[in-house]
Structures are given as C-alpha cells and as structure tokens.
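J.: sequence? don't have it. structure:
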C-alpha cells in the first residue's frame, strides 16, 4: 500500500514543529533536512528554497540551491 503524499502545508508544519529544537533535540536538524529534501522532490527546489528563507534556516546553516532553468 502506497503512502499518501504529504501536502506542502503539512511539510512546512513539520519544519515549524522542529525549528525550536535544533541543537536541543538530537534529531531535529536531520528531520528538517529530510523534510526539505521531500519538499524539493515533490514540490520543487524553489519551494524548498522558500522554506529555507521563510523559516530563517539559512541563519542555522542550511543553504538555498540555485534553480537552473533549461
């Protein structure tokens, strides 16, 4: 049975739920990284970049990725 794909809003909520625990809980950093990869895969690099910027993840060490057009 295939899992249902999470919505962009659900994925962004996962980031919001973990962000306060980066460097406090042992896996929050990894969870956020995994969620960003899922956003990139399912919704595109620009959406992942938006999440990095909007949640201030760039100040915590995450980087945006240059989007290459054709």
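T.: Okay, I see it. For clarity, every value in this text was computed on a predicted model and none was experimentally measured.

J.: going forward, measure contacts between C-alpha atoms and count neighbours the same way
T.: Will do.

J.: Which residue ranges of the protein form helices?
T.: According to DSSP state H, the chain carries its helices in the segments 8-19, 28-43, 45-54.

J.: Serialize these to a markdown table and add fields for mean pLDDT and mean neighbour count.
T.: Output for these, formatted as a markdown table (pLDDT from 0 to 100; neighbours: other CA atoms under 10 Å):
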| stretch | mean pLDDT | mean neighbour count |
| --- | --- | --- |
| helix 8-19 | 98 | 15 |
| helix 28-43 | 97 | 17 |
| helix 45-54 | 97 | 18 |
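
J.: and of those, who's closest to residue 66?
T.: helix 45-54 (8.2 Å; CA to CA).

J.: Pull the residues that contact that closest one.
T.: Residues from elsewhere that reach helix 45-54 (CA atoms under 8 Å, 6 or more residues apart in numbering): 12, 36, 37, 39, 40, 57, 58, 62, 63, 64, 65, 67.

J.: distance between it and the chain's centre?
T.: Taking CA atoms, centre = their mean, to the nearest Å, one finds the center of helix 45-54 at 7 Å from the center of the full chain.

J.: Likewise for stretch 22-32?
T.: 12 Å.

J.: what do you get for stretch 25-37?
T.: For stretch 25-37, the distance to the chain centre is 8 Å (CA atoms, centre = their mean).
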